[in-house]
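Visitor: Below are the sequence and a predicted model; questions follow.
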Amino acid sequence: MHAPACTPVADLVGLRARLDDLGRRRIAALERPAVVLSPAERRQLEAMRFDLAEIERHLARLEAG
């Protein structure tokens, strides 16, 4: 059995999909009114926003070539 060939383009596409999914999950967690987040959980989600933005910028540079 052979592993699928990984190319830089395929890697970028996979990373973009994962990043988009994480962003959607973070927003969904913040928008759930029935869930009361502790201050620590809210800080963690806010830190995640900064991490995702940093990754987004780096990925955009890689995609630009």
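Guide: Ah, there it is. Residues are numbered from 1 along each chain as shown.
Visitor: In three-state terms, label residue 37 for me.
Guide: Assigned state for residue 37: coil (three-state reduction, DSSP: H, G, I helix; E, B strand; the rest coil).
Visitor: Secondary structure element holding the residue nearest to it when sequence neighbours are not counted?
Guide: Using CB to CB, 6 or more residues apart in numbering and skipping the chain neighbours, the partner closest in space to residue 37 is residue 45 (7.2 Å). For every residue, glycine as well, the C-beta is placed using N, CA and C. Assigned by DSSP states H and E, residue 45 falls within helix 39-64.
Visitor: Go through that helix and flag the buried ones.
Guide: Burial within helix 39-64, assessed by neighbour count using 16 or more other CB atoms under 10 Å, is assigned to residue 48.
Visitor: rewinding a little: relative to residue 55, how far out is the residue nearest to residue 37?
Guide: Going from residue 45 to residue 55 by CB to CB, to the nearest Å gives 15 Å.
Visitor: CA atoms only for stretch 31-46, dumped as CSV, please.
Guide: Extracted as CSV, the C-alpha positions of stretch 31-46 are listed here (Å, rounded to 0.1, in the frame of the first residue of the first chain):
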residue,chain,number,x,y,z
GLU,A,31,-22.1,32.0,19.7
ARG,A,32,-23.8,29.3,21.7
PRO,A,33,-26.0,31.2,24.1
ALA,A,34,-26.9,28.2,26.2
VAL,A,35,-23.2,27.7,27.1
VAL,A,36,-21.8,29.9,29.8
LEU,A,37,-18.1,30.1,29.4
SER,A,38,-15.8,30.6,32.4
PRO,A,39,-13.4,33.5,32.3
ALA,A,40,-10.6,31.1,31.6
GLU,A,41,-12.5,29.4,28.7
ARG,A,42,-13.3,32.8,27.2
ARG,A,43,-9.6,33.9,27.5
GLN,A,44,-8.6,30.6,25.8
LEU,A,45,-10.9,31.2,22.9
GLU,A,46,-9.6,34.8,22.6
